[in-house]
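**Q** quick check, what structure comes out for this input:
(chains A and B)
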Amino acid sequence: MIRFESVSKTYADGTTAVDNLSLTAPTGQITVLVGPSGCGKTTSLRMVNRMITPTSGRITIDGTDTGSLDPAQLRRGIGYVIQQGGLFPHHTVERNIATVPLLLGWDKRRAYARARELLETVGLDAALASRYPAALSGGQQQRVGVARALAADPPVMLMDEPFSAVDPVVRDQLQDEFRRLQAQLGKTILFVTHDIDEAIKLGDQVAVLRVGGRLAQVAPPAELLATPIDDFVAGFVGRDRGYRALGFVAADLPVHSEATVEVGTPIVAADGWVLVVDPERRPLGWIDGARHPGPVTTELLTGGTLAPAGGSLRAALDASLSSPSGRGVVIDDEGRLAGTVTAEEVLRALAHERANAANAAASAIAAASPSGVTSPSAAAP
Amino acid sequence: MIANVWRWLADPANWSGATGIAARLVEHVRYSAIVLLIAALIAIPLGLWAGHTGRGRWLIATANAARAIPTIGLLFAISLWLGPHLRGDLAFSLPSIIVLVLLAVPPILAGTYAGVEAVDPAVRDAAKGVGLTSSEVLRQVEGPIALPLILSGLRSAVLQVVATATIAAYVGLGGLGRYLIDGLASGLYAVMAGGALLVAGLALLADLAMAAIQRLVVSPGLRRPPTSPRSTFRRAARSARGGGKQTGPDVVDPSGRHPTTSATPADR
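**A** Below you'll find the model as predicted:
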């Protein structure tokens, strides 16, 4: 657990980067610091490993005041990943990863074995071990950066915009793998980003900071989207927040069975859109039976997004909106067709969920009302 | 003329003895080596310190400005000034060594400083952030990364010192400079030209040796020296063939399009 206790940082020229920050990053979870530039998020992160010394207040890691430790010793126990990778260009990939173990006095053989093991953990080919960083792509360099941070198995990791310098497709891929990795490793992570989507996607808890280094709101992502505390947070969270919040609402939607046709066979009931599947009943796309009579060929198919059964309402709504027939395709865990759902049905399910949530909140308030306390989530519109 | 020069160089009698070409070559190399060693011992630590701390920039500026002082004038000035206070050989050798060291320090100092200063701030930040102490950052990261530029500085110092060490002969020391002075004095142009050729050959050889050392000790991860036009050309040729440094995405399908996401489950 990383705990900020009334931490401030004021520079010699009088600018305040961080203003009286109190925040707890719980053990085994990802806490994301997010905010516009100048909000002090990177300064806050760098105060944890004393790359920057706080002006006042203190930061503890599992109860130990970081100010009481030797900075180099402290840093060897904290994983550190930065935006530009910061790999040592004169060292091979495996030597880069082995940096901290070697500093800690591991013997070379063990440190390099650990490095090779970590290459696999972060999804890189073992053949890259003896390459130099200049020979790697941006995405590969970031993976090596993460591997280097993990090498001595530190309980705490600091990540400063680790995925910002790579292009969107690779970034998405790195984020997904990072989530998978964290599910296995359960590190206590403090993660800085300026990208609210990344914060929502990766954070167990998101802390929004405003310019001048003051904390605006700390909440789990779903709550942040549903009930931003003020205009600043609402504005920062963005325009589509209502739609994005559906990503956190899961519901078992009733699905309709759908008439299907396989590739190569003619369409029988030729009235409008028909779903085409492969022999394992995996959906391939839609075909307009009225315009394309005769055997189905794959060239004529129009696709939509697919929603996993039991997944979020956002995926289901998107599937129905993107489907040419207006019927969203729902698939099971093996990718086979489970049925279809319409946008109206998704919205009806949402209304149902909301009624349930309101009832739950009302009974919670009823239980708490003697003390006159209103929960913040119920107070917001 | 050329035949005369060749005859002088090829005559075994000119090579042997205390004043033979072989002895003069050894003298020349010895002076140069001593001078370069002293210069490196002064300039490399100073340059590392200035680059690491960001302080002492004026040192580099001063050293560079000092390069404008004419070497031979300085040699006479120092000889006149120090000569009477020194005894024996030292009266002659010390002034020339001082002058040559002053000549060799600026390129090494500038190269070392530039090398450390050019280390990517992100690399320095990462080194500190993963727990290297200040001196470990200097020894394990900044120093090795600066090595190509340190060696470039050393290399130009080697060239200058080997070429300029000829002036040591003016104040009565040996070395290949003797042939230039003696040749001029006695009108033996073949000797003069032969001496000049020997100096040029030695300088060339020393430069080749430095190039070999550079290849040996610089990490392959750093092999893209911006100072050598040949490697720049090679790099340009490589990227023109499409094998240059790849900064693009991890996954690009052969048609060059990004993999589309339209057929994957859309969650969030």
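**Q** farthest from the middle of chain A: give me that residue.
**A** Here the centre of chain A is the reference, and by Cα atoms, centre = their mean the most remote residue is A:Gly294, at 45.6 Å.
**Q** so for that residue, what's the pLDDT?
**A** Listed pLDDT for A:Gly294 reads 73.
**Q** tell me the backbone dihedrals of it, please.
**A** Here is the backbone geometry of A:Gly294 (degrees, to the nearest 10): phi 90, psi -180.
**Q** what residues are up against it?
**A** Going by Cβ atoms under 8 Å, 6 or more residues apart in numbering or on different chains, A:Gly294 touches A:Pro266, A:Ile267. C-beta coordinates here come from the backbone N, C-alpha and C atoms, glycine included.
**Q** before we move on, what about the one 4 residues further on?
**A** Under the criterion of Cβ under 8 Å, 6+ apart, the contact partners of A:Thr298 comprise A:Val263, A:Val276, A:Leu284, A:Gly285.
**Q** just A:Asn20 next, same as before
**A** A:Asn20 neighbours (Cβ under 8 Å, 6+ apart): A:Ser6, A:Val7, A:Ser8, A:Gly57, A:Arg214.
**Q** and the two most separated of the residues you listed?
**A** A:Gly57 and A:Arg214 (13.4 Å; Cβ to Cβ).
**Q** mind listing the shared neighbours of these two?
**A** Joint contacts of A:Gly57 and A:Arg214 (Cβ under 8 Å, 6+ apart) are A:Asn20, A:Leu21.
**Q** check the residue of the stretch 251-381 of chain A found nearest chain B and give its pLDDT.
**A** Nearest to chain B in the stretch 251-381 of chain A, going by Cβ to the nearest Cβ, is A:Thr305, at a distance of 4.0 Å. Predicted confidence (pLDDT) for A:Thr305: 84.
**Q** can you check B:Trp8 too?
**A** Note on B:Trp8: pLDDT of 79.
**Q** try the one 3 residues further on
**A** The predicted local confidence for B:Asp11 comes out at a pLDDT of 80.
**Q** for it, give its distance to B:Gly20.
**A** With distances taken as Cβ to Cβ, to the nearest Å, B:Asp11 is found 10 Å from B:Gly20.
**Q** between the two, which one's more packed in?
**A** Taking neighbours as other Cβ atoms under 10 Å in any protein chain shown, B:Asp11 and B:Gly20 compare with B:Gly20 leading, 14 against 11.
**Q** tell me if A:Asn356 really is in a helix.
**A** Yes - counting by DSSP: H, G, I helix; E, B strand; the rest coil, A:Asn356 is found in a helix.
**Q** that one: neighbour count?
**A** Counted with other Cβ under 10 Å, A:Asn356 comes out at 10.
**Q** count the residues that sit near A:Arg214.
**A** When neighbours are counted by other Cβ under 10 Å, A:Arg214 registers 15.
**Q** I'd say it and A:Asp19 touch.
**A** Yes - at 4.8 Å, A:Arg214 counts as touching A:Asp19 under the criterion of Cβ atoms under 8 Å.
**Q** nearest spatial neighbour of the spatially most central residue of chain A, skipping sequence neighbours?
**A** The residue lying closest to the centre of chain A (Cα atoms, centre = their mean) is A:Leu202, at 2.0 Å. Closest residue to A:Leu202 apart from its sequence neighbours, by Cβ to Cβ, 6 or more residues apart in numbering or on different chains: A:Ile30 at 5.7 Å.
**Q** gap between that neighbour and chain B?
**A** 15 Å (Cβ to the nearest Cβ, to the nearest Å).
**Q** is that residue bridged to anything, and to what?
**A** A:Ile30 forms beta bridges with A:Ile189, as assigned by DSSP bridges.
**Q** that one reaches A:Lys201, doesn't it?
**A** No - look at A:Ile30 against A:Lys201 with Cβ under 8 Å: they stay out of range, at 10.1 Å.
**Q** do I have it right that the residue of the stretch 251-381 of chain A closest to chain B meets A:Pro324?
**A** No - using Cβ under 8 Å, A:Thr305 is not in contact with A:Pro324, being 11.9 Å away.
**Q** give me the number of residues near B:Pro70?
**A** So B:Pro70, with other Cβ under 10 Å, has 9 neighbours.
**Q** cool, B:Ala185 as well?
**A** Counted by other Cβ under 10 Å, the residues lying close to B:Ala185 total 9.
**Q** swap in A:Gly326?
**A** When neighbours are defined as other Cβ under 10 Å, A:Gly326 has 15 of them.
**Q** same question for the one 4 residues further on.
**A** The local packing of A:Val330 (other Cβ under 10 Å) involves 26 other residues.
**Q** A:Pro279: neighbour count?
**A** When neighbours are counted by other Cβ under 10 Å, A:Pro279 registers 7.
**Q** ok, which stretches of the stretch 201-350 of chain A are helices?
**A** Using DSSP state H, counting those that start in this stretch, the helices found in the stretch 201-350 of chain A span residues A:221-226, A:231-237, A:241-245, A:313-322, A:343-368.
**Q** wait, I meant chain B
**A** When assigned using DSSP state H, the helices of chain B occupy the ranges B:2-10, B:12-15, B:21-53, B:57-66, B:71-82, B:90-117, B:121-129, B:134-136, B:143-164, B:177-185, B:189-217, B:229-240.
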